[in-house]
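Asker: next comes the sequence, and after it the predicted model I'd like to discuss.
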Amino acid sequence: MKMVILDRDGVINRDSDDFVKSPAEWVPIDKSLDAIALFTQAGWKVVVATNQSGLARGLFDMAALNAMHAKMHRLVNQAGGRIDAVLFCPHMADDDCDCRKPRPGMVREIAARFGVKPETLPLIGDSLRDLEAIAELGGQPILVKTGKGGKTLQKGGLPEGTLVFEDLYAAASYLIDRSQ
């Protein structure tokens, strides 16, 4: 089974330093929906793994998060794609949970749910914590320059073997071409 894990904010939709708190604020990045459609049409499973500490901070509630994800699913479906699962961490950084990236809990959960080995998975993100979550388990870290990706690249210190692309569409095209 071919599968990819995507971070959400800064990869699929525009990120905000003030958090994405509502469906109106959830705006897709150019060509990101088309990229997910590419994966889907090439037979890949697409799973989103996202830190959502805005829940713990009280910036939005579960109804708002569900509405954002419903919008994401609807727009992806309209573009010809599919998201097979969305996992999120609702905790703050100091809550010491295993699910908040850079810890690998969500990646482990995804691998267990879909019966795949985590080391076979690519994870596409825009922050160092995304890359560290997959690198710890031996998977393929992929950085996109959208969202916070440009700043992440400038800071350096990326896990060994990290691939870098302009955006999700470029990363999807590369992974799909390489898998055929």
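Answerer: Yep, it's here.
Asker: okay, how far is it across stretch 135-149, tip to tip?
Answerer: One end of stretch 135-149 sits 17 Å from the other (CA to CA, to the nearest Å).
Asker: next: stretch 130-141.
Answerer: In stretch 130-141, first residue to last residue: 8 Å (CA to CA).
Asker: just the buried residues of that stretch, please?
Answerer: 130-137, 139-141 (16 or more other CB atoms under 10 Å). In this view, the C-beta of every residue, glycine as well, is placed from N, C-alpha and C.
Asker: what lies in contact with it?
Answerer: With contact meaning CB atoms under 8 Å, 6 or more residues apart in numbering, stretch 130-141 is reached by 5, 7, 49, 101-104, 106-108, 111, 118-125, 142-143, 152, 158-163.
Asker: can you tell me which of those residues are in strands?
Answerer: Among the contacts of stretch 130-141, the ones falling in strands (DSSP state E) are 5, 49, 122-125, 142-143, 163.
Asker: report the two of these separated the most.
Answerer: Longest distance between any two of the ones in strands among the contacts of stretch 130-141 is 17.6 Å, between Ala49 and Leu163; criterion CB to CB.
Asker: mind listing the helices in this structure by residue range?
Answerer: Shown for the chain, the helices assigned by DSSP state H span residues 32-41, 62-78, 105-114, 128-135, 149-155, 168-179.
Asker: any idea of the mean pLDDT in the third one?
Answerer: This means helix 105-114. Here helix 105-114 scores 98 as its mean pLDDT.
Asker: ok, now the last one?
Answerer: Averaged across helix 168-179, the pLDDT comes to 97.
Asker: returning to that earlier point: ranking the helices of the chain by burial, who's on top?
Answerer: helix 128-135 (a mean of 24; mean count of other CB atoms under 10 Å).
Asker: what angle separates that one from helix 105-114?
Answerer: With axes from the mean of the first three to the mean of the last three CA atoms, to 10 degrees applied, the angle from helix 128-135 to helix 105-114 works out at 40 degrees.
Asker: just how off-centre is helix 128-135 within its chain?
Answerer: In terms of CA atoms, centre = their mean, to the nearest Å, the centre of helix 128-135 is found 11 Å from the chain centre.
Asker: enumerate every residue touching the residue sitting nearest the centre point of the chain.
Answerer: Nearest to the geometric centre of the chain sits Asp7, at 1.4 Å (CA atoms, centre = their mean). By CB under 8 Å, 6+ apart, the contact set of Asp7 is 48-50, 101, 123-127, 130.
Asker: next, give me the two most distant ones among these.
Answerer: Pairwise distances across the contacts of Asp7 peak at 14.5 Å for Val48 and Ser127 (criterion: CB to CB).
Asker: Asp17 is nearest to which of the helices of the chain?
Answerer: Nearest to Asp17 among those is helix 149-155; the distance by CB to CB comes to 11.4 Å.
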